[in-house]
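1. Let's see this in three dimensions:
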Amino acid sequence: MRAQMTRARDQARDLQGRLDALATVAANLYAENVALRRRLRGRISAAAPGDTDATEQPLGPTPIAVLGNRVAAPLSGTGRLREQE
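-> Residues are numbered from 1 along each chain as shown. Sure thing, here's the model as predicted:
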């Protein structure tokens, strides 16, 4: 029984580590996506000053990352994460 608990704990730790890594990658990709959209938006508005449709599109849903036992959401427009309870 004790050996089973040890194996289960090890598997849980391994899975948590993988989830933490995945959350980090997702947060970094989100930040990069936001930065690229801003750069693209600047190019579109410079090329066509009267065209507001291309510059006013929403960025899409806000991803939420679970880090350990805390939830982290991106800070508005910064690409950094803030912890929530």
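2. quick one: Tyr30 and Thr24, what's the gap?
-> Distance from Tyr30 to Thr24, counting by C-beta to C-beta, to the nearest Å: 11 Å. Just so you know, the C-beta spots here come from the backbone N, C-alpha and C atoms, and that holds for glycine as well.
3. Settle it for me: which of these two has more neighbours?
-> Tyr30 (18 against 14; other C-beta atoms under 10 Å).
4. and that one, backbone torsions?
-> When read as degrees, to the nearest 10, the backbone of Tyr30 gives phi -60, psi -50.
5. how many neighbours does Leu36 have?
-> Residues lying near Leu36 (other C-beta under 10 Å) number 10.
6. ah, wrong one, I meant Arg39
-> When neighbours are counted by other C-beta under 10 Å, Arg39 registers 10.
7. Which of the three states applies to it?
-> At Arg39 the chain is in helix, as set by DSSP: H, G, I helix; E, B strand; the rest coil.
8. could you say which helix or strand contains Arg18?
-> Assigned by DSSP states H and E, Arg18 belongs to helix 2-47.
9. which strands and helices sit next to that helix?
-> The elements that helix 2-47 packs onto, with contact taken as 3 or more C-beta pairs under 8 Å, 6 or more residues apart in numbering; DSSP states H and E, are strand 65-67, strand 70-74.
10. For it, give the mean pLDDT please.
-> Taken as a whole, helix 2-47 has an average pLDDT of 92.
11. please renumber so the chain begins at 39
-> I'll keep to 39 as the first residue from here, and by that count the last item is helix 40-85.
12. Can you give me every residue that contacts Arg51?
-> Contacts for Arg51 (C-beta atoms under 8 Å, 6 or more residues apart in numbering) come out as none.
13. Cool, thanks, talk later.
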